[in-house]
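In: From the sequence below, what's the structure:
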Amino acid sequence: MRYTSKQAWLLGGILLSVMGSLFPFFWFVITSIKSQVRVEAIPPTWFPDWNFSFYQTVFTDHHFLRYIGNSLMVAGSTTVVALILGVPAAYALVRVRMAGKVWILGGLLTVSMFPQIVIVGPVWQMLSTMGGLNTHWGLVLPYVGLTLPLAIWILATFFKELPTELEEAARVDGCTTVQTMLKVMAPLAAPGIFTAAILTFIYAWNEFFLALLLLTDPVKQTLPVGIALFQGEFTMPWGEIAAASVLATLPLVVIVLVFQKGIVSGLSAGAVKS
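Out: Next up is the predicted model:
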């Protein structure tokens, strides 16, 4: 297959972008299966010697399983709460007659783009007053606040495109508004709900800045913070950090690869329909 000059440049740019995005993960993978001598070698060696001792050390010398459990608890709770609040909020924004819907949705999306450094001070003060510092629920609250606008935006796009005739038929059959939303409209918006859930979970799983500031108790720390605070006796344990990072990233890679069609169809369908 022959490419025109423009297509060749475009393909080359895409390949370079993909390679640049994957290179850090590739480097951490090969670092995680090197020996300590090769990790510290100068200049760096490109080929691993298939040594898996760093993976063993991650589980024996660090509380890696505890970090995973904390991250699962925080990310799972954030996803559930965001969907519980986001589904009815998006449905109401689409179906309830009110002025300025576009501005409300635009404002929600704008809020989700606020830098975390801007809100960390007020969040700290509120959680300190509420007794939420060094608690998982205290971390879930700001996570929900940051992910809910995007979830509502995605869900509203799907609810908007569902035919109103289905709601009218449900009301004729005696369904209340809540029953119509849960039994009729929500199942039809499943691709949007699924997409919102995946994006929310990934955000909460990867988030570092707020988790570092709000969870100072090592027992409560999540996976990104726990990995960042790995300590060696004299040097940084780069091999262990690499192995832990690979293990932390692998579940997200698997989720995206397995459900990529659902994620892509959810995002693209919303974009096209809107």
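
In: Just give the number of residues close to L212.
Out: Taking other Cβ atoms under 10 Å as the criterion, the count of residues near L212 is 15. In this view, the C-beta of every residue, glycine as well, is placed from N, C-alpha and C.

In: element containing it?
Out: Counting by DSSP states H and E, the element that carries L212 is helix 209-214.

In: ok, and for that helix, which residues are buried?
Out: Residues of helix 209-214 classed as buried: 210-211, 213-214 (neighbour count, 16 or more other Cβ atoms under 10 Å).

In: now, the most widely separated pair of these?
Out: Pairwise distances across the buried residues of helix 209-214 (Cβ to Cβ) peak at 7.6 Å, for the pair A211 and L213.

In: so where's the chain shaky on pLDDT?
Out: When residues are selected by pLDDT under 70, those of the chain lie in 1, 232-234, 262, 265-274.

In: Could you list the domains of it?
Out: Domain assignment for the chain by automatic domain parsing gives 1-51, 57-273.

In: Return the most buried member of the ones you listed.
Out: Burial among these, expressed as mean neighbours by mean count of other Cβ atoms under 10 Å, is greatest for domain 57-273, which shows a mean of 17.

In: Can you give the distance of it from its chain's centre?
Out: For domain 57-273, the separation from the chain centroid amounts to 6 Å (computed by Cα atoms, centre = their mean, to the nearest Å).

In: Work out for me the element the residue nearest the centre of the chain sits within.
Out: Centroid-nearest residue in the chain: I202, 1.8 Å away (criterion: Cα atoms, centre = their mean). I202 belongs to helix 190-206 when elements are defined using DSSP H and E.

In: Check which helices and strands that helix is in contact with.
Out: For helix 190-206, the elements it packs on are helix 64-95, helix 136-161, helix 238-258, helix 260-273, judged by 3 or more Cβ pairs under 8 Å, 6 or more residues apart in numbering; DSSP states H and E.

In: and the longest one with helix 136-161, angle?
Out: Using axes from the mean of the first three to the mean of the last three Cα atoms, to 10 degrees, the interaxial angle of helix 64-95 with respect to helix 136-161 works out to 40 degrees.

In: Could you list the residues in contact with whichever helix or strand comes after helix 64-95?
Out: On the C-terminal side of helix 64-95, the closest following helix or strand by DSSP H and E is helix 101-112. Contacts with helix 101-112, where a contact means Cβ atoms under 8 Å, 6 or more residues apart in numbering, come from 93-94, 98, 146-150, 152-153, 156.

In: Could you dump those into TSV and include distance to T4?
Out: Supplementary listing: these in TSV, determined by distance: Cβ to Cβ, whole Å:
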residue	distance to T4
L93	45
V94	44
M98	50
L146	44
T147	42
L148	45
P149	42
L150	38
I152	43
W153	37
A156	40
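
In: Which two of those have the greatest separation?
Out: Checked with Cβ to Cβ, these reach their widest spread between M98 and L146, with 24.4 Å between them.

In: Take the helices and strands packed on helix 190-206 and write them to a markdown table, including distance to K183.
Out: Listed next are the helices and strands packed on helix 190-206 as a markdown table, based on distance: least, Cβ to Cβ, whole Å:
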| stretch | distance to K183 |
| --- | --- |
| helix 64-95 | 12 |
| helix 136-161 | 14 |
| helix 238-258 | 28 |
| helix 260-273 | 21 |
